[in-house]
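>>> below are the sequence and a predicted model for it; my questions follow.
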Amino acid sequence: MAKRRRHNSKNSQKRRTKQGRGIGTGANYLPYLFIHDVPSIGLASRVFGWKTSRVHHFLSRLELRYFYCQEWTLEVVDIREQFPLDLEETLAIANRLGVRHPRHPRTREWDIRTSDFVLTVRKHFGVEDQIRTIKYKKDLDKARVMEKLEIERVYWEEVRGLDWKIITEEDIDTTLAANVEWIHGHREIQRLFPLTAGDVAHIEQILTPLVIQGKHRLRDLTNECDSRLNLSPGSSLSAVRYLIANRRWEVDMSA
């Protein structure tokens, strides 16, 4: 089924504001744009977040990979995606810079700009917000793209004094992202049903010393554990993903 395309009209903007889009933190935050609101670049995704206990909306595969990296980073305590910028402020910034403020291509109404990520990061003095915009490197050669990014940069760096950076595919640890994606759906014990917490503890007791020895492939060990405990095929591997996701096993996720 084709994804619905929504016009970014004043009515739709008012509706999103009324719904509380772009407001709040943690589980109470709603992104300004959902995946069905705009055409996506690549694979659009909805993922339930560990840190936020809510569903995240990502408009590209690159955004999703960056998200997985932030989920694993202990210093990041909150992730807000598709964060809206104040329209009056971005209009004023565009005017000062002498560039065209973006309009919706169909309605020609002013387009409310969004930043891909607002990260709340733990620092030694407390926490701070960092802004990250996700772009493929090839797009940075386009003059119009850079004009829009300059509006965003001025909004965050000069007006609000916050840390703002562009992230490209070269800045994302794809191995880490892939590994976190592999374990991401297994952090809650309920996701392992019919395995119980007792089953997982038993599997952990059997597998931990064998994995530390490093003499056999993990897949072979988990298959043997399934047979030994009379579990359904794949049960022990699911438990392993749970153990890694909850950091009960220390694993180099970038390897």
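Sure thing, it's come through. All values reported here derive from a predicted model rather than from experimental measurement.
>>> need the contact list for Phe67.
By Cβ atoms under 8 Å, 6 or more residues apart in numbering, the residues touching Phe67 are Val47, Gly49, His56, Phe58, Ile79, Glu81, Phe117. Every C-beta, even on glycine, is put in place using the N, C-alpha and C of the backbone.
>>> quick one: the spatially most central residue of the chain from Ala94, how far?
Nearest to the mean C-alpha position of the chain, counting by Cα atoms, centre = their mean, stands Phe67 at 2.5 Å. Computed as Cβ to Cβ, to the nearest Å, the Phe67 to Ala94 distance reads 29 Å.
>>> quickly find the element holding Arg122.
For Arg122, the enclosing helix or strand under DSSP states H and E is strand 114-123.
>>> what does that strand contact?
Residues outside strand 114-123 that contact it (Cβ under 8 Å, 6+ apart) are 22, 25, 32-33, 63, 66-67, 70, 74-85, 127-134, 152, 156, 164.
>>> and for the protein, the residue most distant from the center?
Quick read of the chain (Cα atoms, centre = their mean): farthest out is Arg228, 38.0 Å.
>>> leaving out chain neighbours, which residue sits closest to that residue?
What sits nearest to Arg228 in space, not counting adjacent residues and going by Cβ to Cβ, 6 or more residues apart in numbering, is Ile206, at 7.1 Å.
>>> what do you get for Val99?
Once flanking residues are discounted, Val99 sits nearest to Glu147: 4.4 Å by Cβ to Cβ, 6+ apart.
>>> circling back to that earlier point, what are the phi and psi angles of the residue farthest from the centre of the chain?
When read as degrees, to the nearest 10, the backbone of Arg228 gives phi -60, psi -40.
>>> quick check, pLDDT for it.
Looking at Arg228, its pLDDT is 96.
>>> follow-up on the earlier one: can you add pLDDT and secondary structure and give the contacts of Phe67 back as CSV?
Shown next, in CSV, are these (pLDDT from 0 to 100; DSSP: H, G, I helix; E, B strand; the rest coil):
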residue, pLDDT, secondary structure
Val47, 97, strand
Gly49, 98, coil
His56, 98, strand
Phe58, 96, strand
Ile79, 98, strand
Glu81, 98, strand
Phe117, 98, strand
